[in-house]
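Engineer: Take a look and give me a structure for this.
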Amino acid sequence: MKKVLITGANKSIGLETAKQLLQQGYFVYLGSRDKANGEEAVAQLKAEGLNNVQLLQIDVSNPESVALAATQIKELDVLINNAGILGAWEQAPSTAPLSLIKDVFETNFFGAISVTQSVIDVLKKSVAPRIVNVTSGLGSLTLHSDPAWKFYQVKGAAYGPSKTALNAYTVHLAYEMKDTAFKINAVDPGYTKTDFNHHNGLGSVEAAAAIIVKYATLGQDGPTGKFYSNDIETADQESPW
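Structural biologist: Residues are numbered from 1 along each chain as shown. Below you'll find the model as predicted:
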């Protein structure tokens with residue numbers, strides 16, 4: 001049975017991703033910063049008959065928490081770096097507090113790197129290791145430079161840039177692992193209706209999770225070092241960086 005770690009999986013897209021992978025026969029380490037919230041999510045899944053799930057309490061912004069969580073994982077085939085925060089809505093580049101920007105990067109960028117590095121040696125033991133870095137269209141510099149882009153006016157100093165940085169890390173990590181069995185991609189689930197955006201998104205959590213699951217379960221001929229998005233005109237297309 002293949003095993004997957006999903007960070008930030010106690011709700012919304014992360015929880016739905018866990019559900020879909022459980023339905024495909026995976027064992028899920030359900031990563032949650034808050035233990036009680038994680039236990040509630042695990043109970044919800046088990047109530048649906050999805051029993052191959054284990055809570056893994058992990059705060060990706062806390063190195064000690066990441067290190068402790070990693071000791072509990074002996075086998076792993078897939079890592080989905082899903083945990084992320086938006087930060088305060090007001091993120092004007094000229095005035096956003098540096099503390100805000102650092103907090104967002106600590107989770108969205110450094111947290112993903114921390115988790116990746118903590119389990120990379122275990123992933124290397126898998127015959128088909130996969131890493132999905134959950135990103136956003138707001139991380140695309142090409143789209144941000146296009147006045148015709150539907151989200152062109154959504155600018156900020158913290159969230160978008162943290163995803164741009166994560167995209168860059170994805171490219172470099174995929175290159176490092178290019179001669180191995182790893183498939184490593186950045187995936188934007190799209191502007192989804194979740195509490196992350198006060199349910200103002202356009203897409204469903206089911207569709208958002210589906211694209212993540214697709215790239216978490218790639219075959220040996222699948223792509224690596226790419227950026228895929230549900231937020232361009234046709235869903236699940238390669239996005240410009």
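Engineer: start to end distance for stretch 212-223?
Structural biologist: 14 Å (CA to CA, to the nearest Å).
Engineer: Below-threshold pLDDT in the chain: ranges please.
Structural biologist: Scanning the chain with the threshold set as pLDDT under 70 gives 193-202, 232-234.
Engineer: can you map out the strands along it?
Structural biologist: Secondary structure of the chain (DSSP state E): strands at 3-6, 27-32, 53-57, 78-81, 130-134, 183-188, 227-229, 237-238.
Engineer: Now mean neighbour count too, for these, in CSV please.
Structural biologist: (C-beta placed from N, C-alpha, C; glycine too.) Output for the strands of the chain, formatted as CSV (neighbours: other CB atoms under 10 Å):
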stretch, mean neighbour count
strand 3-6, 26
strand 27-32, 25
strand 53-57, 19
strand 78-81, 28
strand 130-134, 27
strand 183-188, 27
strand 227-229, 22
strand 237-238, 12
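Engineer: Can you check which of the ones you listed gets nearest to residue 218?
Structural biologist: With CB to CB as the measure, strand 183-188 is the member of those nearest residue 218 (4.7 Å).
Engineer: Name the strands paired with that closest one and say parallel or antiparallel.
Structural biologist: Next to strand 183-188 in the sheet, as set by DSSP bridges, lie strand 130-134 (parallel), strand 227-229 (parallel).
Engineer: Same list (those strands) but as TSV, adding distance to residue 3.
Structural biologist: Listed next are the strands paired with strand 183-188 as TSV, based on distance: least, CB to CB, whole Å:
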stretch	distance to residue 3
strand 130-134	11
strand 227-229	23
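Engineer: Lovely, talk soon.
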